[in-house]
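> Predicted model and sequence follow; I will ask about them next.
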Amino acid sequence: MPIEIVCKIKFAEEDEKQKEKEEGDKESLIEEPARPRSRDLASFASTSTLHGLGHICRSGRLGVRQTLWAFAFLASLAFFLYQATKSALLYLEHPHVMALDEEATREMVFPAITICNINRYRHSALTDADIFHLANMTGLPPKDRDGHKATDLLYPDPDMADIVNRTGHQLDDMLKSCNFSGENCSSRDFTVVYTRYGKCYTFNGDRRNPRVTRQGGMGNGLEIMLDIQQEEYLPIWRETNETSFEAGIRVQIHSQDEPPYIHQLGFGVSPGFQTFVSCQEQRLTYLPQPWGNCRASVQGEQTLPGYDTYSIAACRLQCEKEAVVRSCHCRMVHMPGNESICSPNVYIECADHTLDAAVEDSQERCSCPTPCNLTRYGKEISMVRIPNKGSARYLARKYNKNETYIRENFLVLDIFFEALNYEAIEQKKAYDLAGLLGDIGGQMGLFIGASILTILEILDYVYEVCQTFWAVSQQWEWVRYSTEAGLPVEGMQCMGHLKGL
């Protein structure tokens, strides 16, 4: 809409009254634009898409009707601002929800299975030197403990890695039968790993070529028979960290992407029973900051040698190792790294205490957030007693043992998928940016009938008003300059045409 600003200025060098008229004309330059702007606001309101504004800004006096419309408009605007603020605050809280879905598949990657004999050292494999060096760890009294023989002082420095590897239970001796999905397997299908239980073994631990299963149910997974060799368990003279009162094995079912953390995450299997473990794979997806607290795996990042992805177990092992190395200047056998391995004396005097403290204060000392992508396995465990009377006699003849030995040492472990499906548990954004914009847009349309284009209309009008003020200020500066300069200009008219309001 056009605005016409008319400036009439007359200068008379000889007439004093004309000078007084100049002052009045200069004041009118300020008052003059106000009248057209009020008319232009009414015109803008009548054409604006903002509901209610046209009823308020009608030309003329402000009556009862305009007052009621103004009250209704301000109330609607207040409700809109209140709801928009609530929506914005909810968005800033970054809420999330968990979505659960179950998906079927034709084949599934079988998990890694780690097994450890609860007994760390075989009694028959310990030499006199081993017993001498491990006396404080195992509780076994060394020969002539009060007064060594001269030859005792010639024992070489102990190598804990060699002791653990040499005296730990050997899978070739423990494994009596092995079957995976109807095919025979052997100890060659297991790899050696070291944990806090000493020498352990992992089946299907190769992440590059893992075994798969194409059918669920018992008999379609891993079935092994083990002899735990209780006659090799260390006699107990006193309690130490290495002392074990139990008999059996520890088992952990885990992904190939994470190392075993069996002393905390494993479960026990007793001799004299066949234990059935029905598994359900769960694939969890978490959100990073600010929606969650997970840690994404960075390509090329390596938290532990051989593991390309981040895991909580790898993080804890690394943190525990750093604590032991920092305090004892060496690492324990089951810890990763290239540092030297602690001696038995350092185990007792430093490493064991430091490790226990690190585990107890893991939340404060070790920051190990949940990975953004995690695979875990739910378990349902059941068992039956073995052997029965008939099979006891058969197994005794087969393995050249007596029936009592079979009952006290043999166990069967059967691990399988319940069905060829997995649970997908995903953490999702409960309120994202699209939801925020949708809510604000809906509230804006409901309360004040506005949209993005309405906001652009208002901004365009504000821009034109600012442009008008700038033009008037420029004219005022020109008039002031002309007056101060005493220019002999008579009957001059200044016309300003501003279009678009």
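Yes, it's here.

> Now do the contacts for His254.
By Cβ atoms under 8 Å, 6 or more residues apart in numbering, the contact set of His254 is 111-112, 114, 260-261, 265, 313, 376-377. To be clear about C-beta, it is placed using only N, CA and C from the backbone, and glycine gets the same treatment.

> Check the chain for its longest strand and report it.
strand 410-429 (DSSP state E).

> Out of the contacts of His254, which comes closest to Pro369?
Of all the contacts of His254, Ala313 has the smallest distance to Pro369: 13.1 Å, by Cβ to Cβ.

> Look at the closest residue to that closest one other than its chain neighbours and report its pLDDT.
Take Ala313 and drop its neighbours on the chain: the residue closest to it by Cβ to Cβ, 6 or more residues apart in numbering is Tyr261, 4.0 Å away. At Tyr261, the model reports a pLDDT of 94.

> What of the one 4 residues further on?
At Leu265 the predicted local distance difference test score is 94.

> Likewise for Arg65?
Value listed for Arg65 in the pLDDT field: 79.

> Surely it forms part of a strand?
No. Read with DSSP: H, G, I helix; E, B strand; the rest coil, Arg65 is helix and lies in no strand.

> any idea where the helices of the stretch 201-350 of the chain begin and end?
262-265, 312-328, 344-346 (DSSP state H, counting those that start in this stretch).

> Hmm, Ile406 is touching Tyr394, no?
No. Between Ile406 and Tyr394 there is no contact, the gap being 9.3 Å when judged by Cβ atoms under 8 Å.

> Tell me which of the two has more neighbours.
More neighbours surround Ile406 than the other of Ile406 and Tyr394, with 22 against 14 (other Cβ atoms under 10 Å).

> measure Glu364 to Ala358 for me?
As judged by Cβ to Cβ, to the nearest Å, Glu364 and Ala358 stand 10 Å apart.

> neighbour-wise, which of the two wins?
Using other Cβ under 10 Å, the more surrounded residue of Glu364 and Ala358 is Ala358, with 21 against 8.

> How about that one, nearest residue that isn't a chain neighbour?
With Cβ to Cβ, 6+ apart, the residue lying closest to Ala358 is Ala323, at 4.1 Å.

> cool, and Tyr91?
Leu436 (4.5 Å).

> Check which helix or strand the one you found maps to.
helix 433-447 (DSSP states H and E).

> counting contacts, what elements does that helix pack onto?
Under the contact criterion of 3 or more Cβ pairs under 8 Å, 6 or more residues apart in numbering; DSSP states H and E, helix 433-447 touches helix 64-92.

> Adjacent strands (with direction) for the following helix or strand past the helix it packs on?
Later in the chain than helix 64-92, the nearest helix or strand by DSSP H and E is strand 96-104. Within its sheet, and counting by DSSP bridges, strand 96-104 is paired with strand 410-429 (antiparallel).

> In the strand it pairs with, which of the residues would be classed as buried?
Neighbour-count burial for strand 410-429, counted by 16 or more other Cβ atoms under 10 Å, picks out 410-417, 420, 422, 425, 427, 429.

> Flag the shaky bits of the stretch 1-150 of the chain, pLDDT-wise.
Residue ranges of the stretch 1-150 of the chain with pLDDT under 70: 1-39, 41-42, 58-62, 139-150.

> actually the stretch 301-450 of the chain, not the one I wrote
Where the stretch 301-450 of the chain drops to pLDDT under 70, the residues are 301-307.

> and if we set it to 80?
Within the stretch 301-450 of the chain, the stretches with pLDDT under 80 are 301-308, 361-365.

> ok, and the closest non-adjacent residue to Leu134?
Of all residues not flanking Leu134 in the chain, Pro344 sits nearest, at 5.5 Å (Cβ to Cβ, 6+ apart).

> what about the residue nearest to Ala358, neighbour count?
20.

> Pretty sure it sits against Asp356.
No. With contact defined as Cβ under 8 Å, Ala323 does not count as touching Asp356 (10.4 Å).

> In terms of secondary structure, what does the longest helix along the chain contact?
Longest helix in the chain, counting residues (DSSP state H): helix 452-485. Packing contacts for helix 452-485, counted by 3+ Cβ pairs under 8 Å, 6+ apart, involve strand 3-9, helix 16-31, helix 34-47, strand 492-498.

> which residues in the stretch 51-200 of the chain form strands?
Applying DSSP state E, counting those that start in this stretch to the stretch 51-200 of the chain gives strands spanning 96-104, 108-109, 112-117, 175-180, 183-184, 190-195, 198-203.

> neighbouring strands for the fourth one, and are they parallel or not?
Translated: strand 175-180. Paired with strand 175-180 in the same sheet, following DSSP bridges, are strand 183-184 (antiparallel), strand 222-227 (antiparallel).

> Tell me the buried residues in that strand?
Buried residues in strand 175-180, counting neighbours by 16+ other Cβ under 10 Å, are found at 175, 178, 180.

> which residues are contacting stretch 443-453?
Outside stretch 443-453, the residues within contact range by Cβ under 8 Å, 6+ apart are 49-52, 73, 76-77, 79-80, 83-84, 87, 441.

> Can you get me the centre-to-centre distance for that stretch and its chain?
Chain-centre distance of stretch 443-453: 38 Å, with Cα atoms, centre = their mean, to the nearest Å.

> in it, what counts as buried?
For stretch 443-453, using 16+ other Cβ under 10 Å, the buried residues are 443-444, 447-448, 450.

> Tell me if I'm right that Pro387 and Leu395 touch.
Yes. Using Cβ under 8 Å, Pro387 is in contact with Leu395, at 5.7 Å.

> Residues in contact with both of these two, list them for me.
By Cβ under 8 Å, 6+ apart, the residues touching both Pro387 and Leu395 are 406, 410.

> ok, now which ones touch His263?
195-197, 250.

> In PyMOL, select just the buried ones from the residues you listed.
Buried subset of those, written as a PyMOL selection, criterion 16+ other Cβ under 10 Å:
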select buried, resi 195+196+197+250
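
> Quick one: the contacts of His263 as a markdown table, columns for pLDDT and distance to Phe203 too.
Shown next, in a markdown table, are the contacts of His263 (pLDDT from 0 to 100; distance: Cβ to Cβ, whole Å):
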| residue | pLDDT | distance to Phe203 |
| --- | --- | --- |
| Thr195 | 95 | 15 |
| Arg196 | 93 | 19 |
| Tyr197 | 94 | 16 |
| Arg250 | 97 | 14 |
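
> Just flag the most distant two among the contacts of His263.
The widest separation within the contacts of His263 (Cβ to Cβ) is 9.8 Å, between Arg196 and Arg250.
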